[in-house]
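J.: how does the following fold in three dimensions:
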Amino acid sequence: MTANRGALTSSSAVALHDRAGDISSATWVGLFIAAVLPCVSPFLPLIGPPADPGAHITQVAGLTAQFAVDSTALNHFAANVERGLILKWVRSVALLLLVVLWERKPLASIGLRKVSWRDLVVVVGAYLLVLGIAHALDLVVPKHLPSNVQLATMLFSFPLRVGMVVTAAVTEEIDSRGYLIERLQAITGSASLAAVLAYFVFLLEHVASWDLAHALRTTLWITPLILLYLWRRNLPACMSLHFLVDATAFLAA
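T.: Model prediction:
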């Protein structure tokens with residue numbers, strides 16, 4: 001029995017190696033764009049948050065705080081965020097072109113297909129689930145004041161915050177759900193393993209952009225998005241859910 005298990009493990013490793021060997025150069029480049037660039041882009045010059053986000057909490061009394069704003073630093077931070085949004089769109093457009101022109105595959109291969117009424121019903125149900133999760137977290141997780149970076153983003157203009165929400169809903173779903181899950185599944189042969197790997201890539205991206213505590217809280221509701229994609233394999237449905245959740249949390253700030 002032990003020998004058989006060893007043979008099975010060896011066969012699985014060989015199969016995984018063979019599948020990885022079948023992946024084209026185009027797909028490896030696509031994985032770099034979808035998995036590596038999002039994690040390193042917050043550290044690029046003129047993209048990542050500056051040392052001074054321009055908003056500082058000066059006095060705290062319970063969950064009430066006073067803060068000071070340096071408009072020059074805040075504008076600098078906002079400009080970095082705007083360049084980051086442009087980079088996200090460039091990455092996603094590059095992925096779409098790579099799929100069609102280099103991989104020679106249809107956009108449906110990363111979940112870009114027509115939304116059915118069933119998809120919309122699932123999106124509404126998933127949105128209510130996410131709201132329920134958020135409410136439960138508010139009841140059990142100790143409340144805390146936002147970091148200076150989070151405070152600064154709340155002070156951005158409304159159009160910039162709308163741009164952040166729309167950009168995240170579209171580009172992050174193309175990168176982290178559609179492309180990453182589909183191609184990692186092709187390599188590993190496992191949808192579950194692909195989903196777990198994609199989750200950790202998304203977590204690392206948000207740790208780099210924010211901090212671990214904020215990233216963990218944010219990625220908790222990413223699980224319904226991943227499950228939605230694995231179930232429906234429909235990227236526009238995931239984009240819709242992502243937009244609704246971000247708009248509820250961020251545009252109301």
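
J.: what are the ranges of the helices in the stretch 51-200 of the chain?
T.: Ranges of helices within the stretch 51-200 of the chain are 71-97, 117-140, 148-154, 158-167, 180-188, 191-209, based on DSSP state H, counting those that start in this stretch.

J.: so which elements touch the helix or strand encompassing residue 241?
T.: Using DSSP states H and E, residue 241 falls within helix 235-246. If contacts are counted by 3 or more Cβ pairs under 8 Å, 6 or more residues apart in numbering; DSSP states H and E, helix 235-246 sits against helix 117-140, helix 158-167, helix 222-232. Heads up, the C-betas are built off the backbone N, CA and C, glycines and all.

J.: report pLDDT for residue 130.
T.: pLDDT, residue 130: 85.

J.: wait, what's in contact with the residue lying closest to residue 67 once chain neighbours are set aside?
T.: Excluding the flanking residues, the one nearest residue 67 by Cβ to Cβ, 6 or more residues apart in numbering is residue 57, at 4.9 Å. Contact analysis of residue 57 by Cβ atoms under 8 Å, 6 or more residues apart in numbering lists 65-67, 145, 148, 151.

J.: can you name the two of the residues you listed that sit furthest apart?
T.: Farthest pair in the contacts of residue 57 (Cβ to Cβ) is 66 and 148. Separation: 13.1 Å.

J.: looking at these two, which is more packed in?
T.: Taking other Cβ atoms under 10 Å, residue 66 and residue 148 do not tie; residue 148 has more neighbours (16 against 10).

J.: looks like residue 232 contacts residue 119 (just checking).
T.: Yes - under the criterion of Cβ atoms under 8 Å, residue 232 makes contact with residue 119 at 5.5 Å.

J.: now what about stretch 243-253, what contacts it?
T.: 123, 127, 130-131, 134, 153-154, 158, 161-162, 164-166, 168-169, 221.

J.: repeat that for stretch 148-161.
T.: With Cβ under 8 Å, 6+ apart as the criterion, stretch 148-161 contacts 49, 53-57, 67, 69, 74, 77-78, 81-82, 146, 164, 210-211, 214, 250-251, 253.

J.: related to what we said a few turns ago, the residue nearest to residue 67 and residue 206: what is the separation?
T.: Look at residue 57 and residue 206: by Cβ to Cβ, to the nearest Å, they are 22 Å apart.

J.: and residue 245, by the same measure?
T.: From residue 245 over to residue 206 (counting by Cβ to Cβ), the distance is 14 Å.

J.: ok, those two, which is more surrounded?
T.: The residue with more neighbours, out of residue 245 and residue 206, is residue 245; 24 against 21, by other Cβ under 10 Å.

J.: who touches the residue lying closest to residue 209 once chain neighbours are set aside in this structure?
T.: Leaving aside its sequence neighbours, residue 209 sits nearest to residue 42 (Cβ to Cβ, 6+ apart; 4.6 Å). Neighbouring residues of residue 42 by Cβ under 8 Å, 6+ apart: 48-49, 84, 205, 208-209.
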